[in-house]
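S.K.: Here's a sequence, model it:
(one chain, ligands or ions: 1)
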Amino acid sequence: MVNLGVLVSGSGSNLQAIIDNIEAGRVDARIKIIISNLADVYALERAKKHGLPFMVVRHKEYKTREDFDQKLVEILKAHEVELVILAGFMRIVTPVLLRAFPMRVMNIHPALLPAFPGTHVWQAEVDYGVKFAGCTVHFVDEGTDTGPIIIQAVVPVYDDDTAEALSARILRQEHKVYSQAIQLYAEGRLEVQGRRVLAKGIPMFPDSFMINPPAGIFER
Ligand code: GAR
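M.R.: Take a look at the predicted model:
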């Protein structure tokens, strides 16, 4: 059982998926505290609905990013949090948080890192013409979207895709892989070796692939 602190800034659909998977017994964790940097976000309604403890810590009330993160650390430690989950948390975290939780801060990013870091990724993917997109759960390091990758999910990009359609397709996978990453952590299976995160005891696909558009000549 791993104690989670979840940081949010928005709708909290990833938070919801984690709550649902914990309640269904698929993820061996408990949410000790949910912290939002913004008041009136839907993620907090979700917390209330499930009777989970939450707080609003307004980043604007702190002079520096470091001061804000120090406050987060105090709250997370007071709630005996072991693993910090950034779930649509739209703030850059500083070494103050990362040193308090080394390799114990996870983030989800809606692209196949290291491609498309940052924001507005879905339109950028459509515009670039990539044939696959996806999402990445990674440990957070001091860069932006650069930390060691834990798990990724891939979705196809279609010729008539819009940013909205693509983001919805990716989000459905986000809701699965974030919980999987937390469960791998809870089972003690994640081993960080430099940039690589190994999932101990998980069998790998021997020879799997996807082709988009479907290649056809091999099936015909
Ligand atoms: C998700 O798509 C997540 O990957 C993204 O924000 C969305 C939050 O949705 N996170 C980032 O872009 C972090 N850089 P949610 O609030 O419904 O979980």
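S.K.: residue boundaries of the strands in the protein?
M.R.: 2-8, 29-36, 54-56, 83-86, 105-109, 132-139, 149-156, 190-193, 196-199 (DSSP state E).
S.K.: Can you name the residues of the chain sitting close to the ligand?
M.R.: Within the chain, the positions lying close to the ligand (Cβ under 6 Å from any ligand atom) are 10, 11, 12, 13, 14, 87, 88, 108, 109, 110, 171, 174. Every C-beta, even on glycine, is put in place using the N, C-alpha and C of the backbone.
S.K.: Need those residues in JSON lines (columns: distance to residue 75, pLDDT and neighbour count).
M.R.: Converted to JSON lines, the residues of the chain next to the ligand look like this (distance: Cβ to Cβ, whole Å; pLDDT from 0 to 100; neighbours: other Cβ atoms under 10 Å):
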{"residue": "10", "distance to residue 75": "19", "pLDDT": "96", "neighbour count": "16"}
{"residue": "11", "distance to residue 75": "22", "pLDDT": "97", "neighbour count": "16"}
{"residue": "12", "distance to residue 75": "18", "pLDDT": "98", "neighbour count": "23"}
{"residue": "13", "distance to residue 75": "23", "pLDDT": "98", "neighbour count": "17"}
{"residue": "14", "distance to residue 75": "20", "pLDDT": "98", "neighbour count": "26"}
{"residue": "87", "distance to residue 75": "16", "pLDDT": "98", "neighbour count": "25"}
{"residue": "88", "distance to residue 75": "18", "pLDDT": "96", "neighbour count": "21"}
{"residue": "108", "distance to residue 75": "21", "pLDDT": "98", "neighbour count": "22"}
{"residue": "109", "distance to residue 75": "24", "pLDDT": "97", "neighbour count": "24"}
{"residue": "110", "distance to residue 75": "27", "pLDDT": "98", "neighbour count": "21"}
{"residue": "171", "distance to residue 75": "28", "pLDDT": "98", "neighbour count": "18"}
{"residue": "174", "distance to residue 75": "25", "pLDDT": "98", "neighbour count": "23"}
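S.K.: can you tell me which of these are in helices?
M.R.: Among these, DSSP state H puts 13, 14, 171, 174 in helices.
S.K.: From residue 178, how far out is the second one?
M.R.: Taking Cβ to Cβ, to the nearest Å as the measure, residue 14 falls 5 Å from residue 178.
S.K.: cool, and residue 83?
M.R.: For residue 83, the distance to residue 178 - Cβ to Cβ - is 12 Å.
S.K.: Name all residues that make contact with residue 134.
M.R.: Contacts for residue 134 (Cβ atoms under 8 Å, 6 or more residues apart in numbering) come out as 111, 112, 152, 153, 154, 155, 170, 173.
S.K.: 10 Å instead?
M.R.: Listed by Cβ atoms under 10 Å, 6 or more residues apart in numbering, the contact partners of residue 134 are 109-113, 115-116, 125, 152-157, 169-170, 173-174, 177.
S.K.: Of those residues, which qualify as buried by neighbour count?
M.R.: Listed as buried from the contacts of residue 134 are 109-113, 116, 125, 152-153, 155-157, 169-170, 173-174, 177; burial here means 16 or more other Cβ atoms under 10 Å.
S.K.: and residue 163, what does it touch?
M.R.: Going by Cβ under 10 Å, 6+ apart, residue 163 touches 120, 121, 122, 123, 124, 125, 126, 127.
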